[in-house]
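[1] fold the following and give me the result.
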Amino acid sequence: MSDQRTALVLGGGGITGIAWEIGVLAGLAEAGVDLTGADLVVGTSAGSVVGAQLTSGAPLEELYARQLEPPAQAKVARMTRSNLARYAWAMLVSRGRDVEFRRRVGTLALAAEKAGATPTEQERLDVIGSRLVSREWPERELLVTAVDAATGEFRTFGRESGVPLVQAVAASCAVPGVYPPVTIDGRRYIDGGMRSAANADLAQGYDRLVVLAPIPRGVGPMASVDAQVTGMVSARVAVVAPDEAARAAIGRNVLDPAAREPAARAGRAQAASVLARVGEAWAG
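    Residues are numbered from 1 along each chain as shown. Reported below is the predicted structural model:
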């Protein structure tokens with residue numbers, strides 16, 4: 001096993017995605033399958049928050065307990081119908097060209113910010129900073145994904161990038177039209193989930209891979225998890241998505257803090273049903 005390289009991929013899925021992923025991880029660890037020592041952690045959107053928390057060395061039980069705390073009084077964000085319609089239009093006119101789609105969604109994000117439809121960038125950085133256990137990059141390899149709002153270029157940030165961790169995670173979580181793009185080295189960046197909800201292909205070449213994917217499916221030019229891991233024939237792979245009970249707990253608005261506790265509990269409960277499959281991929 002010593003020469004087997006492991007990767008943990010944590011996908012996007014809003015506030016409830018953070019809670020569900022931490023719940024699954026805590027349940028698996030309690031049952032003897034601890035994924036926190038992965039050689040590589042890939043975090044997209046919600047997964048970037050979880051990835052930064054995990055690699056900081058914070059105990060899983062502590063992270064889980066935080067998800068059970070009553071949410072602070074705050075305005076509940078949501079993906080509006082008009083936003084979804086703009087996404088659909090961007091997909092339609094991009095005709096499957098992934099970079100073009102991301103560029104158009106970036107334009108949408110910048111316009112929403114200019115119109116005052118999002119919080120300010122500093123407000124958002126403060127929120128993300130409050131969710132992280134540490135503001136320093138971990139020693140272990142953590143990759144955080146984002147998209148250049150102007151060009152549609154896909155980017156990854158890590159310890160060697162020189163980009164502050166809070167900015168990298170905030171960029172990865174910058175849902176277009178809901179949260180403002182984040183400034184990094186003079187460029188504006190949006191949610192890494194605009195390429196794929198998990199970006200599991202970044203773990204190509206690793207021997208053992210577990211993907212926690214609150215949103216496993218793909219839409220238009222955004223690749224599904226299955227499509228990204230299908231070619232990894234030499235790796236042992238386990239993909240975990242919310243089961244029926246977890247989907248019910250998560251509800252219809254993944255950005256609603258009130259659904260955080262039930263999502264975390266559902267994730268922890270689901271761990272028992274995926275334990276054997278995940279354990280086989282990780283250490284079997």
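
[2] low pLDDT regions in the protein?
    Scanning the chain with the threshold set as pLDDT under 70 gives 1-2, 73-75, 284.

[3] which strands and helices sit next to the longest helix along it?
    Under DSSP state H, the helix in the chain containing the largest number of residues is helix 260-283. In terms of contacts (3 or more Cβ pairs under 8 Å, 6 or more residues apart in numbering; DSSP states H and E), helix 260-283 is packed against helix 14-30, helix 60-68, strand 208-212, strand 236-240, helix 244-250. Backbone N, C-alpha and C define where each C-beta goes, glycine included.

[4] minimum distance to Arg86: which of those has it?
    helix 14-30 (18.2 Å; Cβ to Cβ).

[5] and the closest one, how far out from the chain's middle?
    Centroid separation for helix 14-30 versus its chain: 12 Å, with Cα atoms, centre = their mean, to the nearest Å.

[6] once you drop chain neighbours, what's closest to Arg236?
    Closest residue in space to Arg236, ignoring its immediate chain neighbours: Ala281 at 4.3 Å, by Cβ to Cβ, 6 or more residues apart in numbering.

[7] what's near enough to touch that neighbour?
    Residues near Ala281 by Cβ atoms under 8 Å, 6 or more residues apart in numbering: 208-210, 236-238.

[8] how much space separates it from Gly192?
    Here the criterion is Cβ to Cβ, to the nearest Å. By it, Ala281 lies 24 Å from Gly192.

[9] and for Gly186?
    Using Cβ to Cβ, Gly186 is found at 19 Å from Gly192.

[10] out of the two, which sits in the busier spot?
    Set Gly186 next to Gly192 and count neighbours by other Cβ atoms under 10 Å: Gly192 wins out with 33 against 5.

[11] is the residue lying closest to the more buried one once chain neighbours are set aside in a helix, a strand, or coil?
    Ranked by Cβ to Cβ, 6+ apart and with sequence neighbours excluded, the top spatial neighbour of Gly192 is Thr145, at 2.9 Å. Recorded secondary structure, Thr145: strand (DSSP: H, G, I helix; E, B strand; the rest coil).

[12] please report how far Thr145 lies from Ala213.
    On the measure of Cβ to Cβ, Thr145 and Ala213 end up 14 Å apart.

[13] check Leu28 too.
    Relative to Ala213, Leu28 is positioned 15 Å away (Cβ to Cβ).
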